[in-house]
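[1] A predicted structure for the sequence below; I have some questions about it.
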Amino acid sequence: METPRVTHKATGWTRVSPFPLEPPPLPREHGSWFMLLVPCAAGLVAADGVNLPGLLFALVATAFFLARQPLLLLIRKGQQPRLSWRFWLGTWAAVSGFGLAMLLLVYRRLPLLSISLVGLALLVYEVWRWRRSPRPDLGTELLAAVGMASSAPGAYVAVRGLFDQGAAVVWALSALYFLAAVFYINLMLAWLKRNPQSQRDRWYLGLPTIRAHVAALAAGLVLTLAGWAPLLAPLAFLPALAKTLWQVPFGGRETSFKRLGLIEAAHSLVFLALLLIAYR
């Protein structure tokens, strides 16, 4: 492996650098950030407060999420491992592990251990799947949505110190929203490949996504009618459902993945804002 060289721009002097620190590798899926942080913020909203353990959990969840990318790069077949990937993997793992230890031992947030084991199990599964194929299937993406939504009960427990009905409900609300969002993203990708022209083809491809959004809204209504979720919580699902109902018959193909990611990020923030209103 060739030893890296670093050149000083002003003097032109070149030195051998045994370990040039590269920026940390970040996930390519920009929407995954919102799948992590929006549920985390929703958990803080449902807990009705922000304290030091809540902020510490947000740091732990973010560091754990950041450790995923260098880990996947290191185990990718045919990929030459880089020392900087190992450095960032060790750094994020240390930050996440130390923060979790603080939450468990100092702040006594013991239910976080179970939630952390869920996240770890999903990471192990993703590593196993990644070694077989870097392309995730729909089932893997849906499982990831549920797993990343676990940051909602994690933040809730970090603030309140217990896993109760409120933690389960905010997890369910977050998971329902992002499960439906996964269907929508896959619909856009399917349209990019097939370019449906007739209304029949558009509805054929779009019906599973519409069903997913309707099911999310219906589940939110059930949680509300049962007295578990706030009265206005189902309203948080309406903008995404309305977007899908318009997109299927009238919308066009989205050819810019960056634009698609930004639109979905904006809708997830609307979902969070409506949850904030519902919990207030």
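    In hand now; what should we look at? Numbers count the residues shown, from 1 in each chain.
[2] And the most centrally placed residue in the chain, which helix or strand is it part of?
    Centroid check for the chain by Cα atoms, centre = their mean gives Met35 as the closest residue, at 2.6 Å. In this structure, Met35 sits in helix 31-47 according to DSSP states H and E.
[3] Show me what that helix is packed up against.
    Applying 3 or more Cβ pairs under 8 Å, 6 or more residues apart in numbering; DSSP states H and E, one finds that helix 31-47 contacts helix 52-75, helix 138-148, helix 151-160, helix 165-194, helix 257-279. Using the backbone N, CA and C atoms, a C-beta is placed for each residue, glycine as well.
[4] That one versus helix 151-160: what angle between them?
    Angle, helix 31-47 to helix 151-160, by axes from the mean of the first three to the mean of the last three Cα atoms, to 10 degrees: 40 degrees.
[5] Export helix 31-47 to CSV, keeping only CA atoms.
    Output in CSV follows, covering the C-alpha atoms of helix 31-47 (Å, rounded to 0.1, in the frame of the first residue of the first chain):
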residue,chain,number,x,y,z
GLY,A,31,-32.9,10.7,4.4
SER,A,32,-31.4,8.3,6.9
TRP,A,33,-30.3,11.3,9.0
PHE,A,34,-34.0,12.3,9.3
MET,A,35,-35.0,8.7,10.0
LEU,A,36,-32.8,8.9,13.1
LEU,A,37,-33.1,12.5,14.3
VAL,A,38,-36.8,13.1,13.7
PRO,A,39,-37.9,10.2,15.9
CYS,A,40,-35.3,11.2,18.5
ALA,A,41,-36.7,14.7,18.6
ALA,A,42,-40.2,13.2,18.7
GLY,A,43,-39.2,11.2,21.8
LEU,A,44,-38.1,14.4,23.5
VAL,A,45,-41.4,16.1,22.5
ALA,A,46,-43.4,13.2,23.9
ALA,A,47,-41.3,13.2,27.1
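[6] And it, how far out from the chain middle?
    8 Å (Cα atoms, centre = their mean, to the nearest Å).
[7] related to what we said a few turns ago, single out the most deeply packed of the helices and strands packed on helix 31-47.
    helix 151-160 (a mean of 28; mean count of other Cβ atoms under 10 Å).
[8] Counting by contacts, list what that helix packs against.
    Packed against helix 151-160, as judged by 3+ Cβ pairs under 8 Å, 6+ apart, are the following elements: helix 31-47, helix 52-75, helix 112-132, helix 165-194.
[9] export those to TSV and tack on mean pLDDT?
    Converted to TSV, these look like this (pLDDT from 0 to 100):
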stretch	mean pLDDT
helix 31-47	93
helix 52-75	92
helix 112-132	87
helix 165-194	93
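[10] Out of those, the one nearest Ala94 is which?
    Each of these has some distance to Ala94 by Cβ to Cβ; the shortest is helix 52-75, at 8.4 Å.
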